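Enquirer: Okay, predicted coordinates and the sequence, questions at the end:
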Amino acid sequence: SQTIHQWPATLVQPVGSPLSLECTVEGTSNPNLYWYRQAAGRGLQLLFYSVGIGQISSEVPQNLSASRPQDRQFILSSKKLLLSDSGFYLCAWSVRVSLAKNIQYFGAGTRLSVL
Amino acid sequence: RKEVEQDPGPFNVPEGATVAFNCTYSNSASQSFFWYRQDCRKEPKLLMSVYSSGNEDGRFTAQLNRASQYISLLIRDSKLSDSATYLCVVSLGTSGTYKYIFGTGTRLKVLA
């Protein structure tokens, strides 16, 4: 069965510090991968998605970047965090094979507080 | 206009009640539709996919109206454990690339 791992679960970082969040998927090949952010009391905002190794699409201009160095690894990074980067970061994956099966599954999330 | 709109609630209902949520979407090219459930401070989890013919899973019934571009979720015999935020999701895309648009969610509180 497929599983998605995301870490760390919580993170407290000072303004201006770097960030690296990692997400890995097991039990599937060539998935679509996604990074979302959910601010307190808000909906999910799509940040990046990837359809393959090295292929990253950015949805909103921001202080963050993403990379996909391996098929089932997706990394979210920042060189210098801002207060506004605080939020709940969620990694997700979906299959690519058919429209009927394109359900999206989420990792447990990382709660980031920038102070 | 938001791409996916939901009434944020909260809907406060007694145990055993029937409650319905609606969701509208703006992009007529949307291809797949889902309801997710999100508990406080947790990740969203798939509740059910929504099919054009309507579908039922136990106490939950989902309907899709493509002509009017809305999706509904009906919960019968509400349980305390149904308290959560319900997210309406639509997806669209081609050639294996699917994007998902989330509503901001409808909060449900089931009261004893």
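Expert: In hand now; what should we look at?
Enquirer: switch to C-alpha atoms for all contacts and neighbour counts from now on
Expert: Noted.
Enquirer: Give the partner strands of the helix or strand in which residue A:113 is found in its sheet and their orientations.
Expert: Residue A:113 is part of strand A:110-114, with elements assigned from DSSP states H and E. In the sheet, strand A:110-114 lines up against strand A:10-13 (parallel), strand A:87-94 (antiparallel) (DSSP bridges).
Enquirer: can you list the residues of chain B near chain A?
Expert: Contact residues, chain B versus chain A (C-alpha under 8 Å from any C-alpha of the partner chain): B:31-32, B:42-46, B:96-98, B:102-105.
Enquirer: Show me the residues you listed that map onto strands.
Expert: B:32, B:45, B:46, B:97, B:98, B:102 (DSSP state E).
Enquirer: coming back round to it: which residues does the strand holding residue A:113 contact?
Expert: A:6-15, A:21, A:81-90 (C-alpha atoms under 8 Å, 6 or more residues apart in numbering or on different chains).
Enquirer: Which members of the residues of chain B next to chain A are classed as buried?
Expert: B:32, B:42-46, B:96-98, B:102-105 (16 or more other C-alpha atoms under 10 Å in any protein chain shown).
Enquirer: ok so, going back, which two of the ones in strands among the residues of chain B next to chain A have the greatest separation?
Expert: Spatially, the most separated pair among these is B:45 and B:97, at 20.8 Å (C-alpha to C-alpha).
Enquirer: Is the residue most central in space within chain A in a helix, a strand, or coil?
Expert: Geometric centre of chain A, nearest residue: residue A:35, 2.8 Å, by C-alpha atoms, centre = their mean. Recorded secondary structure, residue A:35: strand (DSSP: H, G, I helix; E, B strand; the rest coil).
Enquirer: count of neighbours near the nearest residue to it once chain neighbours are set aside?
Expert: Leaving aside its sequence neighbours, residue A:35 sits nearest to residue A:91 (C-alpha to C-alpha, 6 or more residues apart in numbering or on different chains; 4.7 Å). Neighbour count of residue A:91, defined by other C-alpha atoms under 10 Å in any protein chain shown: 31.
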